[in-house]
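Colleague: dropping the sequence and predicted coords here.
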Amino acid sequence: MRKSLFTASVLALAVAVAPACATKKFVRTEVGNVNSKVDTVSGTVEKAQERIGQNEARIGSVDQKAEAAGKAAAEARGAAGQAQTAADAANANARAVGTRVDAVAADVAATRKLVYEVTLSEDQGNFRFGQTVLPDEAKMRLDQVVTSLKTDPKLVYIEIEGHTDNVGGKELNEKLGMERAESVKRYLYEQHQIPLHKINVISYGEDKPVAPNNTRAGRAQNRRVVVKVLS
């Protein structure tokens, strides 16, 4: 009878202990899983923080470069402004010098006597529309002028005027007239050794037409170079 009771007690104790052991094992397993997940999450968080740090470093570098570029752009704008100011001042000085030269040339011309003048125009077979190259016909007429001047070249002063029609802008025509006058001046100097200090060139552009610009023939007459021989 005692033996049976002892056996029953042992069985009852085993039955009571077994669930407790199973519960502890389950808890340990779950805790292990949780710890593993926590470790995984911690590693992920650390990697994310590392990437964030790297991105912040890159952003800081980009900000520095952007700031440096901004400073460089500001300095470039300042330098460009100074260069433009200097260019404007140089242009103003050049215009002032040109005005003084024109005034001196006008004074010189006013004190001299016109001997004769020669007109080289397109309607006479000379300068073509938009061209500055000295045609052969114009060269022949200039040769005749020089031949007539050889009697007493010391008393000669030559003024060359460049003229255009009114086709195109005013500045373009002034430039074209000057280039035509300069081509005549260059020919007189290079081919006939006329001293440069005895030659003055000026461009009137479209300002002094000799014929209406509303016809082809009139425009051809206005595209000309006038060579004035002064004593």
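Modeller: Structure's in. What do you need?
Colleague: what's the helix or strand for residue 228?
Modeller: strand 224-230 (DSSP states H and E).
Colleague: which is the next helix or strand following the worst-scoring helix or strand of the chain on mean pLDDT?
Modeller: Taking mean pLDDT, DSSP states H and E as the measure, helix 2-111 is the helix or strand of the chain with the lowest mean score, a mean of 65. For helix 2-111, the succeeding helix or strand toward the C-terminus, using DSSP H and E, is strand 114-121.
Colleague: in its sheet, what does that following strand sit against?
Modeller: In its sheet, strand 114-121 lies beside strand 224-230 (antiparallel), with partners assigned from DSSP bridges.
Colleague: contacts for the strand it pairs with?
Modeller: Residues outside strand 224-230 that contact it (C-beta atoms under 8 Å, 6 or more residues apart in numbering): 109, 112-122, 126-127, 138, 142, 145, 149, 156-163, 180-181, 184, 210. Where you see a C-beta, it was placed from the backbone N, CA and C, and this is true even at glycine.
Colleague: what about burial for the residues you listed, which qualify?
Modeller: In terms of neighbour count (16 or more other C-beta atoms under 10 Å), the buried residues within the contacts of strand 224-230 are 112, 118-122, 126-127, 138, 142, 145, 149, 156-163, 180-181, 184.
Colleague: domain ranges for the chain?
Modeller: 45-82, 107-230 (automatic domain parsing).
Colleague: make sure residue 211 is indeed in a helix.
Modeller: No: per DSSP: H, G, I helix; E, B strand; the rest coil, residue 211 lies outside any helix segment and is coil.
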